[in-house]
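**Q** Next input, structure requested:
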Amino acid sequence: MIVLANAWYDDAPKESFHFFNDAPEWKQMDKMGHFFSAFHVADNASLVLRSSNVRANKSDVIGAITSMAILSSIEVFDGYSAAYGASATDLAANAAGNLFFLGQSLAWNDVRIHPKFSFHRTGLAKDRPDVLGSGASEILKNYNGQTIWLSADVAKVMPGTAWPKWLEVSGGYGAEDMLFARDRQ
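**A** From the prediction side, this is the model:
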C-alpha cells in the first residue's frame, strides 16, 4: 500500500474525506481492475493460509475478508485525495471479485475460472502522461492498453470430457481511445 500510495497519490492535493461517483468513467476499466485485484489478493491470501495448515474453507473466507480490507484502503486514499474521492462502485467491484473467488471455492472446493490481465503499450500515454502514466506506471494507469480476461479451465468445469487440460477458454474486456475519464461530446 505504501508503494501504491507513492506511485498514485504523491502529487495529488489532499482534502477532507469525500465520496465521488466515478461509475461513468474510463468505460469501467477501473472497476475491472478492482475485480481482478480483489480476486487475486483473496486467492493468494487463502493459499498462504492453506500452506500454514489452515482448513480450506476457513482460509478462503479469511482470504476474502483480508482482500476486502486491503483493497478498501485504496478507497480511503481516494477519499482524501482532491483528485478522486472514495467510490461506492469501486467497493462493489472489490466485493464482486472477492465473491467470485469465494463462490467458486465454496461451490467447487477449487477455483476453475480465473481473471487474468494483459497489457500492451498504446500511443496515448505520451499525450497525457500525468493521467495515463509513463514508464512502469503506464501499466497501472493507462486503461487503453489493459484487458481483463475471464479464463475457464474447461477440463475442471466439465470433468470427464476429452478437453485438453492445457487449453482454457477466455473472454476479455478492454477499452480504447480514452484520453479523458469520460467521452468528450
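**Q** Next, the buried residues of the top helix by length along the chain.
**A** Within the chain, and with DSSP state H defining each element, the longest helix by residue count is helix 56-80. For helix 56-80, the neighbour count (16 or more other C-beta atoms under 10 Å) marks 59-64, 66-68, 70-71, 74-75, 77-80 as buried. Just so you know, the C-beta spots here come from the backbone N, C-alpha and C atoms, and that holds for glycine as well.
**Q** Please apply the same query to stretch 35-53.
**A** Neighbour-count burial for stretch 35-53 flags Phe35, Phe36, Ser37, Ala38, Phe39, His40, Val41, Ala42, Asp43, Ala45, Ser46, Leu49 (criterion: 16+ other C-beta under 10 Å).
**Q** Is it correct that the fourth one is in contact with Gly97?
**A** So that's Ala38. Yes: with contacts counted by C-beta atoms under 8 Å, Ala38 reaches Gly97, the gap being 2.9 Å.
**Q** what is in contact with those two at once?
**A** Ser67 (C-beta atoms under 8 Å, 6 or more residues apart in numbering).
**Q** circling back: pipe the buried residues of stretch 35-53 into a markdown table and attach pLDDT per row.
**A** A markdown table is the format used below for those (pLDDT from 0 to 100):
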| residue | pLDDT |
| --- | --- |
| Phe35 | 98 |
| Phe36 | 98 |
| Ser37 | 97 |
| Ala38 | 98 |
| Phe39 | 98 |
| His40 | 98 |
| Val41 | 98 |
| Ala42 | 98 |
| Asp43 | 98 |
| Ala45 | 98 |
| Ser46 | 98 |
| Leu49 | 98 |
